[in-house]
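K.L.:
Show me how the following folds:
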Amino acid sequence: MVGPNKDMFRMTVDPEDAPNSPTYLRIEFEKGKPVKYIDKSADVTHTDPLEGFIYLNKVAGANGVGRIDIVENRFVGIKSRGVYETPAGTVLRAAHLDLEGITMDREVMRIRDTLSAEFSRLCYYGFWYAPEMELVMNSIVFSQQYITGAVELKLYKGNVIVTGRESPCALYSADLGNDIA
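P.N.:
Alright, predicted model coming up:
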């Protein structure tokens, strides 16, 4: 067994070499899209989508977040190993999924999960402009109509830890949910 070579990474530091103090973030979403990135540790805010994503890549990478070493199934039927860095993507996915957890209906989520796999398959096979992709995309956009709110996170030594969430569209009620045995 051979792990990834330490010097192959360009966007992320080794989690063991990440800072000994966490970075605290707040990401705000409207209809499933991130609209505001707040680094509470450095008092930095971005509302431009590209600037926010670039900043998130920088701060998450500095905290060792976003490394993955996987074996993939290729289109031609073979398996291949992939080592990737996705610092901003890892943080955004964690925040988005957490917000969906309090705002998305259970059955909509089940269907969305199925559509997510189909979306990935269509992308991988190059069907971006196919009618079936249009169907999937419209369904995913529909599923995001109530994904509005904010998620607070802590980045520390390669980890993304959700520390809180809020939404005007929340389906969760602490009073209702905690009274059921």
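K.L.:
where are the low-confidence patches of this structure?
P.N.:
When the per-residue scores of the chain are filtered using pLDDT under 70, the ranges that remain are 177-181.
K.L.:
In it, spot the helix with the most residues.
P.N.:
The helix of greatest length in the chain, counted in residues with DSSP state H as the criterion, is given as helix 106-124.
K.L.:
how about the helix or strand containing I161: buried residues?
P.N.:
Under the assignment given by DSSP states H and E, the secondary-structure element containing I161 is strand 159-166. Buried residues in strand 159-166, counting neighbours by 16 or more other Cβ atoms under 10 Å, are found at N159, V160, R165. In short, each C-beta sits where N, CA and C put it, glycine included.
K.L.:
Just the CA trace of it, in PDB.
P.N.:
Output of strand 159-166 as PDB, limited to C-alpha atoms (Å, rounded to 0.1, in the frame of the first residue of the first chain):
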ATOM      1  CA  ASN A 159     -12.000  18.500   9.400                       C
ATOM      2  CA  VAL A 160     -15.100  20.500   8.600                       C
ATOM      3  CA  ILE A 161     -17.300  20.600  11.700                       C
ATOM      4  CA  VAL A 162     -20.800  22.100  11.500                       C
ATOM      5  CA  THR A 163     -21.300  24.200  14.600                       C
ATOM      6  CA  GLY A 164     -24.800  25.600  13.900                       C
ATOM      7  CA  ARG A 165     -27.400  26.400  11.300                       C
ATOM      8  CA  GLU A 166     -30.500  28.600  10.900                       C
END
